[in-house]
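S.K.: Structure of the sequence below:
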Amino acid sequence: MTKLNINGTSRKIDLPADTPLLWVLRDQLGLTGTKYGCGMAVCGACTVHLDGNPTRACVTPISAAVGKKIVTIEAIEQDVTGKKVQDAWLSLGVPQCGYCQAGQIMSATALLKQHSQPSDTEIDKAMSGNLCRCGTYPRIRAAIKQVADLPEGKS
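M.R.: Numbering: from 1, shown residues only. Now for the predicted structure:
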């Protein structure tokens, strides 16, 4: 039995220690906001926070999450910065198909919590592991800058 802290709730999981966190979230707990994209930690659709750090749940075994605080997209609005990021996403119409957006929001929130006014280089680096097939990168950058209270085109 593995004990995990997910979105502030202690959960007991009866699965092998090498089970990917993504499958626990989606299949065992019904937290389907975290998406399966590539299964290789390349696309970022499965991004969650582990102790505040953006982490790819598709390749993270549950054994690596024991004793850590796991936050998914379902609870990100409980974080002040996360709520601001979600609001900026909506106000700027960032999502197109929306499939990657939970992972994008999770990475953007982690970035803004570490760097309240990130440079373009910091934004590029933090968001480089999140792919958007619809190409909404300019709107993603604009939303991050809106939360950071940075003028678009300046950093």
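
S.K.: What are the boundaries of the helices in the protein?
M.R.: Here the chain has its helices, by DSSP state H, at 21-23, 80-91, 101-114, 120-127, 137-148.

S.K.: Compare the ones you listed and give me the one nearest residue 30.
M.R.: Judged by CB to CB, the one of the helices of the chain that comes nearest to residue 30 is helix 21-23, at 11.9 Å. Quick note: C-beta positions are derived from backbone N, CA and C, even for glycine.

S.K.: Next, the buried residues of that closest one.
M.R.: 21, 22 (16 or more other CB atoms under 10 Å).

S.K.: Okay, residue 56 and residue 75: tell me how far apart.
M.R.: Taking CB to CB, to the nearest Å as the measure, residue 56 falls 18 Å from residue 75.

S.K.: If you count surrounding residues, which of the two has more?
M.R.: residue 56 (24 against 18; other CB atoms under 10 Å).

S.K.: So what pairs up with that one in the strands?
M.R.: Under the criterion DSSP bridges, residue 56 forms beta bridges with residue 47.

S.K.: nearest residue to the spatially most central residue of the chain other than its sequence neighbours?
M.R.: Residue closest to the mean C-alpha point of the chain, counted by CA atoms, centre = their mean, is residue 106 at 2.3 Å. Leaving aside its sequence neighbours, residue 106 sits nearest to residue 47 (CB to CB, 6 or more residues apart in numbering; 4.2 Å).
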